[in-house]
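Colleague: dropping a prediction and its sequence here:
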Amino acid sequence: MILRLSGTPNPKQEQFFLAHARHIAYGGARGGGKSWAMRRKFVLLAFRYPNLKLLLLRRTLPELNENHVLPLQQELAGAVQYHATQRAFLFPNGSRIKLGYCDREADVFQYQGQEYDVIGLEEATHFTETQMRFLTTCNRSVRTDFTPRMYYTCNPGGVGHAWVKRLFIDRDYRQAERAADYVFIPARVTDNPVLLKNNPQYLTALENLPEHLKKAYLDGNWDVLEGQFFREFDRSLHVVSPTRLPMEWKRFRAMDWGYNDPCCVLWFAVAPEGRVVVYREMYLRRTLSSEIARRVGALSEGERIAYTVASPDAWQQRGLKGAEGESIAEVFAKNGVPLLPADNTRVAGWQRIREALAPAADGLPELSIFETCCNLIRTLPMLTFDSHDCEDVADNCEDHAPEALRYGLMSRPRPAQKQPQKRVYRYDPLSSAPPPYAGFRGL
C-alpha cells in the first residue's frame, strides 16, 4: 500500500525537517504549526530508517491523545499498525513510534534503562529541566547509520521556560554543553499560511491578548513569562550596543558576592542628566575572593571608579569554629578594591529597578544595559513574584546579577522630582477683591 501524507511544509517547518543537530527546537509563538511538524518529522524518520526507535512525549495523557494519537491514527490508517495497549505505532520496516506522557515529575523513570534513537518533547516548556535531563540519558544508540537526536517544540512560558530559553534563545552553555549541538528555528503564526487561511480569526485573537501575553504568544518574546516580576523590561528598549562612554561620567561598581553561587560584579556609568548605563559585567563561579578582586582591578584599569558597593555578607567573618578569619571585604581591600556595604532593602530596591526601567517623558528609560552584560540581560526578565510576598522576588530565581543591579541603583537614590512651587496668597482686607477662599463652604 502506498501512503500519501497530506500537507506541504512551510519554509520554517522545512528548516525543522532538514536540521541534523543533536538538539533541535521549533516554535516560539502560538500557531506556528508545531504539532504537525513534530508528527510529520517522526513519521518521515520512521519510514526512512528501518528499526528506528522513537519516543514522542506530551506532559499529560489528554494532550497526547488529542495532539498525536488521534491524528496519527488517521494519517497512518491501513499502512502502520497501532497497538493501543503499548500506545505505539509499528511500521512495516520495524521502526516503532512510542507515545508517552509525564504527568508527574517521577513519570520519566518509567523510561529508565530504555534506549531511543529519537526523543521528542512536544511543548517542551511544560517539562521540568530534571525531566529533560533524565530523558537525554535515554537518547542513545549503537547504530552507525543514525546519530541520536532530540526534538523540541515550544512556546514561551511554563515550568520549563528557563531551561529552554537558556539553551536555545540565550545560548548560554555550561559544562559539557556545546553550542553546535543546539539549533532553534523560530516560527510565528504568520509563518503558517494554512492556519491563517482556514482560521483567520486566530491572528485577531492573539492580537487582542493582554500586552505581556501578546508579546509571548504572537511575537514569540522569550523575555515574557507568567508571574514575571519586571514586565517593564524590554530588550529593544533597555539593551544597547556597546559604545565608548565619556571619561568624565561618574563610574561605580556593585557586587553580589558568591562562591558556589555565582559572584556578579557590575560596572555603572552615570550621564550628566542622571541616566545610568551598566557597561560591564563579571560573572564567576567557584573563584577565590582574592582572584575576583584582582580581576575587578584589572578590568577597571585606567578608569576613575568612585566606589564599589557589595552585599552585606561580604563583611561576615570567615574561619574555623571559634576563630575569626578575614572577611571578603578585607580581602578586597588588601587587593586594592575597597568595598562599601550596599543598601539591602529588598522591596525598595526592586522598586528602584522598576522605576529605572520605566520610560521617562521622552520615551527613554533611566537604565540602559550594554548587550555584553549577558547574564544580567538573561536573568532580569526571568525573575518571578514570591508566592508569599507580591512585593518581593521568589527565592528560587537566579538573581545574582539583578541583586548587583539593585545594590548599584540603591547607592544612587533617584533624583527627587521637582515639585511645583506653592502659591502663597496674601489677602488685603482693604482690597475690593474677594479672599481666595471666598465661596468655599465650610470655612
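Modeller: That came through, no problem. Residues are numbered from 1 along each chain as shown.
Colleague: can you tell me which residues contact residue 39?
Modeller: 56, 68, 71-72, 75 (CB atoms under 8 Å, 6 or more residues apart in numbering). To be clear about C-beta, it is placed using only N, CA and C from the backbone, and glycine gets the same treatment.
Colleague: err, residue 50, not the other one
Modeller: Counted by CB under 8 Å, 6+ apart, residue 50 has contacts 93-95.
Colleague: using PyMOL, define a selection of the buried residues within those residues.
Modeller: To isolate the buried members of those in PyMOL, using 16 or more other CB atoms under 10 Å:
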select buried, resi 95
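Colleague: now the contacts of residue 50 in CSV, with distance to residue 252, secondary structure and pLDDT?
Modeller: Formatted as CSV, the contacts of residue 50 follow (distance: CB to CB, whole Å; DSSP: H, G, I helix; E, B strand; the rest coil; pLDDT from 0 to 100):
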residue, distance to residue 252, secondary structure, pLDDT
93, 67, coil, 96
94, 66, coil, 96
95, 62, coil, 97
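Colleague: out of the contacts of residue 50, the closest to residue 62 would be?
Modeller: residue 95 (26.3 Å; CB to CB).
Colleague: surely that closest one meets residue 46?
Modeller: Yes. If you go by CB atoms under 8 Å, residue 95 and residue 46 touch, sitting 3.9 Å apart.
Colleague: overlap of the contact sets of those two?
Modeller: 52, 54.
Colleague: pLDDT at residue 203, what is it?
Modeller: As predicted, residue 203 sits at a pLDDT of 84.
Colleague: state the helix or strand in which it lies.
Modeller: Residue 203 is located in helix 201-207, with elements delineated by DSSP states H and E.
Colleague: show me what that helix is packed up against.
Modeller: Here helix 201-207 is seen to pack against helix 193-198, helix 211-217 when contacts are counted using 3 or more CB pairs under 8 Å, 6 or more residues apart in numbering; DSSP states H and E.
Colleague: between the ones you listed, which one is nearest to residue 21?
Modeller: helix 211-217 (24.8 Å).
Colleague: state the mean pLDDT of the closest one.
Modeller: If you average the pLDDT over helix 211-217, you get 76.
Colleague: following it, which helix or strand shows up next?
Modeller: Using DSSP H and E, the helix or strand that follows helix 211-217 in sequence is helix 235-238.
Colleague: for that next one, list every residue counted as buried.
Modeller: Applying 16+ other CB under 10 Å to helix 235-238 flags residue 238 as buried.
Colleague: cool, and stretch 273-282?
Modeller: Applying 16+ other CB under 10 Å to stretch 273-282 flags 275-282 as buried.
Colleague: tell me which of the residues you listed fall in helices.
Modeller: Here DSSP state H is the test, and the buried residues of stretch 273-282 give no hits in helices at all.
Colleague: any chance of these in TSV, with pLDDT and distance to residue 361 too?
Modeller: Shown next, in TSV, are the buried residues of stretch 273-282 (pLDDT from 0 to 100; distance: CB to CB, whole Å):
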residue	pLDDT	distance to residue 361
275	94	13
276	97	17
277	98	19
278	98	22
279	98	24
280	98	29
281	98	29
282	97	34
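Colleague: just these: which are in strands?
Modeller: 276-282 (DSSP state E).
Colleague: distance of the closest residue to residue 267 other than its chain neighbours from residue 404?
Modeller: Leaving aside its chain neighbours, residue 267 sits nearest to residue 280 (3.8 Å; criterion: CB to CB, 6 or more residues apart in numbering). As for residue 280, its distance to residue 404 is 11 Å (criterion: CB to CB, to the nearest Å).
Colleague: what do you get for residue 337?
Modeller: Note on residue 337: its distance to residue 404, by CB to CB, is 14 Å.
Colleague: so for these two, which sits in the more crowded spot?
Modeller: More crowded of residue 337 and residue 404, by other CB atoms under 10 Å: residue 404, with 30 against 23.
Colleague: so who does that one touch?
Modeller: Per CB under 8 Å, 6+ apart, neighbours of residue 404: 254-256, 264-266, 376.
Colleague: go with 10 Å
Modeller: Contacts for residue 404 (CB atoms under 10 Å, 6 or more residues apart in numbering) come out as 253-257, 263-266, 268, 278, 281-283, 309-311, 342, 375-376.
Colleague: looking at the buried residues of stretch 273-282, which is nearest residue 357?
Modeller: Distance to residue 357, by CB to CB, is smallest for residue 276 among those, at 10.9 Å.
Colleague: surely the closest one meets residue 369?
Modeller: Yes. Applying CB atoms under 10 Å, one finds residue 276 in contact with residue 369, separated by 9.5 Å.
Colleague: and for these two, which residues touch both?
Modeller: residue 405.
Colleague: turn the helices and strands packed on helix 201-207 into CSV, columns for distance to residue 245 and mean neighbour count.
Modeller: As requested, the helices and strands packed on helix 201-207 are exported to CSV (distance: least, CB to CB, whole Å; neighbours: other CB atoms under 10 Å):
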stretch, distance to residue 245, mean neighbour count
helix 193-198, 46, 13
helix 211-217, 30, 18
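Colleague: nearest to residue 225, of the ones you listed?
Modeller: Nearest to residue 225, of all the helices and strands packed on helix 201-207, is helix 211-217, at 7.2 Å by CB to CB.
Colleague: which strands and helices sit next to the closest one?
Modeller: Applying 3 or more CB pairs under 10 Å, 6 or more residues apart in numbering; DSSP states H and E, one finds that helix 211-217 makes contact with helix 201-207.
Colleague: mind listing the helices for the stretch 301-443 of the chain?
Modeller: 328-334, 346-357, 374-379, 400-410 (DSSP state H, counting those that start in this stretch).
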